[in-house]
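Novice: sharing a model that was predicted from the sequence below.
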Amino acid sequence: MLDRTSSFALALIGALLLSGCDRTPSIAAEIERIRAIDNHAHPVRVVGSGEQDREFDALPVDNMEPASDPVYLRPGDTGVIAAWRALFGGPPANARAGKQRTIQEKGDGYPAWVLDQMGVDVMLANRVAMGRGIQPPRFLWVPYVDALMFPLNNSELAVKNSDRKAFFGYEEILLRRYLKEADLTALPSSLSEYLARVVTPTLERQKRGGAVAEKFEAAYLRSLDFEKVERATVERVYAQFIAKGAPADAEYKLLQDYLFRYIAAECGRLGMAVHIHTMAGAGSYFDVRGANPLFLESVLNDPTLRKTNFVMVHGGWPFTREITALLEKPNAYLDYSAQSLILPPATLAQTLREWLEFVPEKVLFGTDAYPYSDEMGWEESGWIAARRGREALAIALTTMMRDDVISRDHALELARMVLRENARKLYRLP
Ligand SMILES: [Zn+2]
């Protein structure tokens, strides 16, 4: 039996729940209408028959040893079915022809059509090179710079496991491409020449080619612990091992650390942000601990790097509380790409709320659209992540309104900031 107090409490809870139900759709509907800037994705270019695009990632993750896939990335996931229905009119089994027809009909406009379906205005395309249909103003380039960090003999690093072996192979191919683009046939014999003739010219060329940021997926290759190292120390390491032999891991790390900070400083000079993968990554050999964003604190605290803006891509999962504290650094940003794809919206909403209650102008929307499989291409994964990412934002803002942390107007302002305005300011977009 209920006494008077508890009936009142129940009535109050009921009223709150009702007002909550009342508010949720309206906030969600407003969020739906905001044309987003997607901070991180891998769109696939339009290809001719028999042609294949392999430039959507410097380290394609399609040839790895089996791992236990997260639920949302498994075949037959309900999100995938919903994406196929929304985009191509039916589940994968029935709509493959429909998808092909759409691709044919849209031609070079197909990637921009996909953005329209996702409610995305501008997508930052993290690709080795741009291509057919993947062009400004809808797509902005974010090339890769890890290859520049590994100019020496990588055989000692590559033997650690099969993933690393494949990854260092890809990085060496990319470094040769950068050398060729710099009109060189071999690596210079001194570090100063390497910086002046390869590293800086590559960054300047990419900037001229439209790059708004440079991407490190270093967490797939080593830890994010980039120390501050004296130039003289690494000049010797470079000169000795560019000639012959493979350096010991600890010695080589010092050179990589130096190169990382050099590249970051150059990006600041050139007005490009630095994107860094901070999240547990694909593959059964990924070093989760090495991807802890707290490793980046000494980089963020380096006074000589304060002109460089760092974006911690994927928001540091599972270290989402640790990364919150880093948002106080003036040049630290994060996005929630990939989390929007693999986490249920209600789970992601808890993290989003914590960030939005702390430093909301550094939080960016993102999808990590990627050609994961035949069923889950960049179109489907992008559509799913955009939808779940918006749902998570709506839940976070609704609970903040319910708890009287923010007004409805403030909630809408935060939604616009996360989906669009924060990125627009960071990349100085019109
Ligand atoms: Zn990515």
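Specialist: That came through fine. Residues are numbered from 1 along each chain as shown.

Novice: low-confidence stretches in the stretch 1-150 of the chain?
Specialist: 1-25 (pLDDT under 70).

Novice: what ranges do the helices span in it?
Specialist: For the stretch 1-150 of the chain, the helices defined by DSSP state H, counting those that start in this stretch cover 4-33, 78-88, 92-106, 110-118.

Novice: which residues in the stretch 251-400 of the chain form helices?
Specialist: Using DSSP H, counting those that start in this stretch, the helices of the stretch 251-400 of the chain run over 297-300, 320-326, 339-342, 345-356, 378-402.

Novice: only alpha carbons, please: show stretch 289-297 as PDB.
Specialist: Listed next in PDB are the C-alpha coordinates belonging to stretch 289-297 (Å, rounded to 0.1, in the frame of the first residue of the first chain):
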ATOM      1  CA  ARG A 289      47.400   0.000 -23.500                       C
ATOM      2  CA  GLY A 290      49.700   1.700 -25.900                       C
ATOM      3  CA  ALA A 291      46.700   3.600 -27.300                       C
ATOM      4  CA  ASN A 292      45.900   5.300 -24.000                       C
ATOM      5  CA  PRO A 293      45.500   9.000 -24.800                       C
ATOM      6  CA  LEU A 294      47.200   9.900 -21.500                       C
ATOM      7  CA  PHE A 295      50.400   9.000 -23.300                       C
ATOM      8  CA  LEU A 296      49.800  12.200 -25.300                       C
ATOM      9  CA  GLU A 297      49.900  14.400 -22.300                       C
END
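
Novice: would you mark the buried spots in that stretch?
Specialist: With burial defined by 16 or more other C-beta atoms under 10 Å, the residues of stretch 289-297 counted as buried are 290-293, 295-297. (Glycine included, C-beta is placed from N, CA and C.)

Novice: just stretch 111-118 next, same as before
Specialist: 111-115, 118.

Novice: also stretch 247-264?
Specialist: When burial is assessed from 16+ other C-beta under 10 Å, stretch 247-264 yields the following buried residues: 247, 251-264.

Novice: I'd say R127 and R54 touch.
Specialist: No: in this structure, R127 is not within contact of R54 by C-beta atoms under 8 Å, at 10.3 Å.

Novice: and those two? Which one has more around it.
Specialist: Neighbour totals were compared for R127 and R54, and R127 leads with 24 against 10 (other C-beta atoms under 10 Å).

Novice: who's in contact with the more buried one?
Specialist: 42-43, 45, 55-57, 134, 141-143 (C-beta atoms under 8 Å, 6 or more residues apart in numbering).

Novice: how about 10 Å then?
Specialist: When contacts are counted by C-beta atoms under 10 Å, 6 or more residues apart in numbering, R127 touches 41-45, 53, 55-58, 134, 139, 141-144, 215.

Novice: same question for E227.
Specialist: E227 touches 253-254, 256-258, 260-261, 295, 298-299, counting by C-beta under 10 Å, 6+ apart.

Novice: try 8 Å this time
Specialist: Contact analysis of E227 by C-beta under 8 Å, 6+ apart lists 254, 257, 298.

Novice: helix, strand or coil for it?
Specialist: coil (DSSP: H, G, I helix; E, B strand; the rest coil).

Novice: what about it, distance to L294?
Specialist: Noted for E227: a distance of 14 Å to L294, by C-beta to C-beta, to the nearest Å.

Novice: check N126 too.
Specialist: 24 Å.

Novice: now, which of the buried residues of stretch 289-297 sits nearest L87?
Specialist: Set against L87, the nearest of those by C-beta to C-beta is A291 (31.7 Å).

Novice: now the closest one, nearest residue through space, not along the chain?
Specialist: Nearest residue to A291, sequence neighbours excluded (C-beta to C-beta, 6 or more residues apart in numbering): A219, at 4.0 Å.

Novice: you'd agree the one you found is in a helix?
Specialist: Yes: assessed with three-state DSSP, A219 lies in a helix.

Novice: was I right to think it contacts R289?
Specialist: No: with contact defined as C-beta under 8 Å, A219 does not count as touching R289 (10.3 Å).

Novice: and the next helix or strand past the helix or strand where H410 lies?
Specialist: For H410, the enclosing helix or strand under DSSP states H and E is helix 408-416. Sequence order places helix 422-426 as the next helix or strand after helix 408-416, per DSSP H and E.

Novice: so which bits of that following helix are buried?
Specialist: 422-423, 426.

Novice: and which of those is nearest to I37?
Specialist: A423 (4.0 Å).

Novice: which ones are touching the closest one?
Specialist: A423 neighbours (C-beta under 8 Å, 6+ apart): 37, 39, 122, 124, 364-365, 429.

Novice: distance of it from R127?
Specialist: 18 Å.

Novice: pLDDT added to the buried residues of stretch 289-297, as TSV?
Specialist: Shown next, in TSV, are the buried residues of stretch 289-297 (pLDDT from 0 to 100):
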residue	pLDDT
G290	96
A291	97
N292	98
P293	98
F295	98
L296	98
E297	98
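
Novice: and the closest residue in space to I263 that isn't next to it in sequence, its phi and psi?
Specialist: Among residues not flanking I263 along the chain, V145 sits closest, at 5.4 Å (C-beta to C-beta, 6+ apart). Main-chain torsions, V145, degrees, to the nearest 10: phi -120, psi 0.

Novice: ok, how many other residues are close to V145?
Specialist: Counted with other C-beta under 10 Å, V145 comes out at 29.

Novice: same check on G209?
Specialist: Neighbours of G209 (other C-beta under 10 Å): 11.

Novice: just the buried residues of stretch 111-118 now: which is nearest D335?
Specialist: Closest to D335, out of all of the buried residues of stretch 111-118 and judged by C-beta to C-beta, is M118, at 15.1 Å.

Novice: contacting residues around the closest one?
Specialist: Per C-beta under 8 Å, 6+ apart, neighbours of M118: 36, 38, 367, 369, 382-383, 386.

Novice: mind putting the helices of the stretch 251-400 of the chain into TSV with distance to M417?
Specialist: Shown next, in TSV, are those (distance: least, C-beta to C-beta, whole Å):
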stretch	distance to M417
helix 297-300	21
helix 320-326	17
helix 339-342	16
helix 345-356	9
helix 378-402	10
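
Novice: out of these, which comes closest to Q206?
Specialist: By C-beta to C-beta (comparing all of the helices of the stretch 251-400 of the chain), the closest turns out to be helix 297-300, at 20.6 Å.

Novice: quick one: the closest one to chain centroid distance?
Specialist: 19 Å (C-alpha atoms, centre = their mean, to the nearest Å).

Novice: name the residues that touch it?
Specialist: With C-beta under 8 Å, 6+ apart, helix 297-300 has contacts from 226-228, 260-261, 264, 305, 310, 326, 329, 331-332.

Novice: kindly report the same for stretch 322-336.
Specialist: Taking C-beta under 8 Å, 6+ apart as the rule, stretch 322-336 contacts 39-40, 273, 278, 292-294, 296-297, 300-301, 305-316, 348, 351-352, 354-355, 358-359, 362-366, 389, 392, 422, 426.
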